[in-house]
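*Asks:* sequence first, predicted model second:
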Amino acid sequence: MNNYEVIINARTHLVVETNTGRCLGGIGANFYRPFVFPFYTPSGHTVIQEFAFDHPFHNGIFVGQAPVRVGDREAWFWGAPPRRSLTDRLFENLGRMDTQKEIEISLHSNGVRFQQNIVWRDANEEPLVDEIRSINLYAIDDGTVCDMTSDKIAAYGDVEYPQTKYGSIGMRVEPRLLPVMGGVVIGDNDRKGKVAIIDDNTSKYIAYQNTLHQHGSLGVFMKILDDGLRGPWFIRDYGMALYNPTQTGSVETKSQDSWNIGLRFVAYDGELTANRAEDWCAI
């Protein structure tokens, strides 16, 4: 029995529990990229930010990469309009992720799985990479889960993703969860505080959490879907939180091969405990 439905508002697809009206979150796309927003805890609080004023291209839960090279062509899939300045280098060789309107939607008992077909195009609108992106939004007993995978296919020749800080898959955290607002960043082995305590690229998971006035504690958790990996993470106190394999070296794929990455995100109410984290890692 399907307990969930998809409500479409323009190009936004919202996942809603039929009996209670609980919204898990939604997916959508603009001209430059697709992303997940909103993303709600069971009590209805969003834990990600649609965009930040100083980084308008940090969009909810998203994929980005810059630069991407195929032969002598290069494009950047990190920055996106609106521009931040006249000299911002993130807008040179600006590419876009052309998200096809046809989305494969599969309802299941705990939520909805979406599959998006995306063409990564350079500044001349020529294709560089094809991507199949899967987003599974579903409910568990003590949280809301978003599993996102990105399978980038070298459909137009060998692809190089050079070493960079501008990649690869992650989220922009809701401001109320950040250290500047009294929140904490959490890693495994009881590490908790600001990013400096956590950011050694060895944590099994990363979370941002805070106690909000009249609402209690809530947070957002993420782990790499490949259980053998524990980073590298790119996390910041201001709310950028990424798993970035290209932080430490380049990735190359031969023609017709693919590069697959994936993250699990959990929006939760209450306090994160070691047992909860282990349960979410084992889903």
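*Replies:* Looks like it came in fine. Residues are numbered from 1 along each chain as shown.

*Asks:* residues touching residue 182, list them.
*Replies:* With CB atoms under 8 Å, 6 or more residues apart in numbering as the criterion, the residues that contact residue 182 are 210-211. All C-beta atoms are positioned from the backbone trio N, CA, C, and that covers glycine.

*Asks:* elements contacting the helix or strand of the chain with the lowest mean pLDDT?
*Replies:* Scoring the helices and strands of the chain by mean pLDDT, DSSP states H and E places helix 195-198 at the bottom, with a mean of 87. Applying 3 or more CB pairs under 8 Å, 6 or more residues apart in numbering; DSSP states H and E, one finds that helix 195-198 makes contact with strand 184-187, strand 233-235.

*Asks:* off-centre distance for it?
*Replies:* Relative to the chain's own centre, helix 195-198 is displaced by 21 Å; criterion: CA atoms, centre = their mean, to the nearest Å.

*Asks:* pairing partners for the next helix or strand after that helix, with directions?
*Replies:* Using DSSP states H and E, the helix or strand that follows helix 195-198 in sequence is strand 206-212. Each strand that strand 206-212 pairs with, and the sense of that pairing, follows from DSSP bridges: strand 184-187 (antiparallel), strand 216-224 (antiparallel).

*Asks:* relative to residue 248, which of those is closest?
*Replies:* When the strands paired with strand 206-212 are compared by CB to CB, strand 216-224 sits nearest residue 248, at 14.2 Å.

*Asks:* that closest one: which residues count as buried?
*Replies:* Of all the residues in strand 216-224, those buried under the rule 16 or more other CB atoms under 10 Å are 218-224.

*Asks:* and which of those residues is nearest to residue 188?
*Replies:* Minimum distance to residue 188 across the buried residues of strand 216-224 is 9.6 Å, recorded for residue 223 (CB to CB).

*Asks:* how close does the closest one sit to residue 263?
*Replies:* From residue 223 across to residue 263, the span is 7 Å (CB to CB, to the nearest Å).

*Asks:* which residues does the least confident helix or strand of the chain contact?
*Replies:* With contact meaning CB under 8 Å, 6+ apart, helix 195-198 is reached by 179, 185-187, 191, 206, 233, 235-237.

*Asks:* do the same with stretch 82-94
*Replies:* Applying CB under 8 Å, 6+ apart, the contact partners of stretch 82-94 are 54-57, 66-67, 74-76, 78-81, 122-123, 166.

*Asks:* where does residue 85 land on pLDDT?
*Replies:* pLDDT recorded at residue 85 is 87.

*Asks:* and residue 199, by the same measure?
*Replies:* Taken from the predicted model, the pLDDT recorded for residue 199 is 69.

*Asks:* the one 4 residues further on too?
*Replies:* Residue 203 is assigned 92 on the pLDDT scale.
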